[in-house]
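1. Below: sequence and its predicted model.
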Amino acid sequence: MTNCFDDPAVLIDDPETLRGHIGVVSPLASDKVLDRLDRFCRDFIALSPFLVLASCDSEGRADASPRGDAPGFVRVLDEKTLLIPDRRGNNRVDSFGNVLSAPGVGLVFMVPGIPETLRVNGKGRATRDAELLAASTVQERPPVTGLLVTVEEAFFHCGKALIRSKLWDPASQVPRASFPSLGRIIADQTKAVDADEADRNLEEAYRTRLY
């Protein structure tokens with residue numbers, strides 16, 4: 001029995017149908033895509049403390065990972081190359097595992113207070129070059145791994161999504177107490193840890209193990 005989600009009459013399953021449904025792309029939207037990082041891209045990256053890194057494995061299973069640090073933590077090595085330092089985390093290495101089998105990555109850079117974002121697409125490679133990574137040292141802790149991104153596309157995305165979401169509006173912030181702590185969520189989902197203990201461990205990690 002076909003449910004409403006699988007109704008072929010409403011599904012879009014080929015490029016021609018998609019383009020006919022959405023309409024033509026404007027020349028401006030096409031022409032703004034660069035194959036390198038110009039001065040505006042480089043300046044935006046220097047201001048950015050946060051990005052989302054998208055990748056997928058060889059079977060097309062997708063993943064999106066947040067990355068953040070002080071503004072400019074992503075280093076522009078040249079107009080075609082970025083270095084994203086990998087800080088201490090949970091050692092899942094989802095993104096690195098993906099680029100080993102399918103190197104395509106997508107980045108969305110954000111700058112607090114600016115509604116526009118910068119999108120960068122390209123190919124990723126994992127590096128453990130200690131000399132290269134040394135310049136990303138924070139609190140006397142150099143990253144042991146980094147993601148090199150060879151830029152294939154770079155373009156600015158209009159601010160409609162961030163404007164609609166009011167992401168940078170302080171009035172839209174949700175009180176932290178209105179949602180369960182991560183420790184309590186993990187405790188409930190895994191049944192393998194005490195919630196209070198998990199919260200204490202996370203608080204300690206946030207305080208002493210960011211780098």
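-> Right, received. Where do you want to start?
2. Identify the residues contacting stretch 10-26?
-> Cys4 (C-beta atoms under 8 Å, 6 or more residues apart in numbering). Placement of C-beta: from N, CA and C, glycine included.
3. Tell me the buried residues in it?
-> Neighbour counts over stretch 10-26 (16 or more other C-beta atoms under 10 Å) mark no residue as buried.
4. most centrally placed residue in this protein?
-> When C-alpha atoms, centre = their mean is applied to the chain, the residue found nearest the centroid is Val52 (1.1 Å).
5. where does the protein have low pLDDT?
-> 1-2 (pLDDT under 70).
6. can you list the domain ranges for it.
-> 25-165, 174-208 (automatic domain parsing).
7. so how far is the first one from its chain's centroid?
-> Domain 25-165 sits 7 Å away from the centroid of its parent chain (C-alpha atoms, centre = their mean, to the nearest Å).
8. how far does that domain stretch from start to finish?
-> 24 Å (C-alpha to C-alpha, to the nearest Å).
9. repeat for stretch 129-140
-> 17 Å.
10. before we move on, back to that, does the residue nearest to the centre of the chain count as helix, strand or coil?
-> strand (DSSP: H, G, I helix; E, B strand; the rest coil).
11. who does the residue lying closest to it once chain neighbours are set aside bridge with?
-> With sequence-adjacent residues excluded and distances taken as C-beta to C-beta, 6 or more residues apart in numbering, Val52 is closest to Val108, at 4.7 Å. Counting by DSSP bridges, Val108 forms beta bridges with Val52, Arg119.
12. Please list all residues in contact with Val108.
-> 51-52, 54, 117-119, 157.
13. Pull out the buried members of these.
-> 51, 54, 117-118, 157.
14. buried sites along the longest helix anywhere in the chain?
-> The helix spanning the most residues in the chain, taking DSSP state H as the definition, is helix 195-208. Within helix 195-208, the residues scored as buried using 16+ other C-beta under 10 Å are 195, 198-199.
15. Which residues does that helix contact?
-> Contacts for helix 195-208 (C-beta under 8 Å, 6+ apart): 181-184, 186-188.
16. Using PyMOL, define a selection of the buried residues within these.
-> Entered in PyMOL, the line below selects the buried ones among the contacts of helix 195-208, by 16+ other C-beta under 10 Å:
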select buried, resi 181+183+186+187
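17. CSV for the contacts of helix 195-208, including secondary structure and distance to Thr208?
-> CSV is the format used below for those (DSSP: H, G, I helix; E, B strand; the rest coil; distance: C-beta to C-beta, whole Å):
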residue, secondary structure, distance to Thr208
Ser181, coil, 18
Leu182, helix, 17
Gly183, helix, 16
Arg184, helix, 21
Ile186, helix, 19
Ala187, helix, 21
Asp188, helix, 26
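18. and of the contacts of helix 195-208, the nearest to Ser58?
-> Of all the contacts of helix 195-208, Ser58 sits closest to Ile186, with 29.4 Å by C-beta to C-beta.
19. From Leu100, how far out is the closest residue to that closest one other than its chain neighbours?
-> Spatial nearest neighbour of Ile186, excluding adjacent residues (C-beta to C-beta, 6+ apart): Ala198 at 5.4 Å. Ala198 sits 31 Å away from Leu100, going by C-beta to C-beta, to the nearest Å.
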